[in-house]
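In: I need the structure of the sequence given here:
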Amino acid sequence: MKILIVDDHLLIRKGVRLLLERVAYITAIDEADSGTAAITYAQKYQPDVVLLDLSMPGGLDGFTTARNIKANLPQVKIIVLTMHDEEVYIQQALQQNIEGYLLKNSEGNEVAEAIETVMRGERYYRTPLSAEQLAKLKSPTTRSVLTPREKEVLRFVALGYTNIQIGEQLSISTKTVERHKANMMHKLALKESHELVQYGIKNDYLSLN
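Out: Have a look, this model is predicted:
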């Protein structure tokens, strides 16, 4: 089994490598320090599993990297290995059909357990969220397609506009803007306003026409 570790921090890569070198069925372990390097490696060597950090400055983030790898190599299993435990990140991983999600403060043996699980065709998500919350995030009703007006509002939210400014741009009242935002947060299972901003940025609503 071939594993690719993708993280911009050398210490993290070496630490994960040490953990995996003890696993008998893993025959090859390689490293990449950026999303671009990971995509190039994956296309050339086709690893079985990619352990992928989300925050990699100066290039492609983890979600963009995952999309690129999956587009060309759908059989490759991806496990996110991150410090981010917020719902907005976990939901994004679920929406992209990423097989695993593991926090960097997890126990060492969980990395191998996650690899075994995803290779069996199952998901492996170890997050602070309960099973019920994860199921809600996976539910089609909570990921309902936003209405055209909600998408317009979300674009301005992602751009940093205030409720008053959004209302002026769309010729609607501030209360209507607040209602649209509340509806979106309910649909997307978000709790805080800043999570809605993050969701809009991560899902390319900045470029919505």
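In: what is the least confident helix or strand in this protein?
Out: helix 131-138 (a mean of 61; mean pLDDT, DSSP states H and E).
In: which helices and strands does the helix or strand that comes right after it pack with?
Out: The helix or strand immediately downstream of helix 131-138 is helix 148-158, counting by DSSP states H and E. Here helix 148-158 touches helix 163-170, helix 174-187, helix 193-202, going by 3 or more Cβ pairs under 8 Å, 6 or more residues apart in numbering; DSSP states H and E. Heads up, the C-betas are built off the backbone N, CA and C, glycines and all.
In: got the angle for helix 148-158 vs helix 163-170?
Out: Between helix 148-158 and helix 163-170, the angle comes out at 130 degrees (axes from the mean of the first three to the mean of the last three Cα atoms, to 10 degrees).
In: CA atoms only: put helix 148-158 into CSV for me.
Out: What follows is helix 148-158, C-alpha atoms only, in CSV (Å, rounded to 0.1, in the frame of the first residue of the first chain):
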residue,chain,number,x,y,z
PRO,A,148,-30.9,32.3,-6.0
ARG,A,149,-31.6,35.1,-3.6
GLU,A,150,-29.7,33.3,-0.8
LYS,A,151,-26.8,32.8,-3.1
GLU,A,152,-26.7,36.5,-3.9
VAL,A,153,-26.8,37.4,-0.2
LEU,A,154,-24.1,34.8,0.6
ARG,A,155,-21.8,36.4,-2.1
PHE,A,156,-22.0,39.7,-0.3
VAL,A,157,-21.5,38.0,3.1
ALA,A,158,-18.3,36.4,1.8
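In: of the helices and strands packed on helix 148-158, give the one that comes closest to Y101.
Out: Closest of the helices and strands packed on helix 148-158 to Y101 is helix 193-202, at 14.8 Å (criterion: Cβ to Cβ).
In: report the distance from the closest one to the chain centre.
Out: Here the centre of helix 193-202 is set off from its chain's centre by 13 Å, with Cα atoms, centre = their mean, to the nearest Å.
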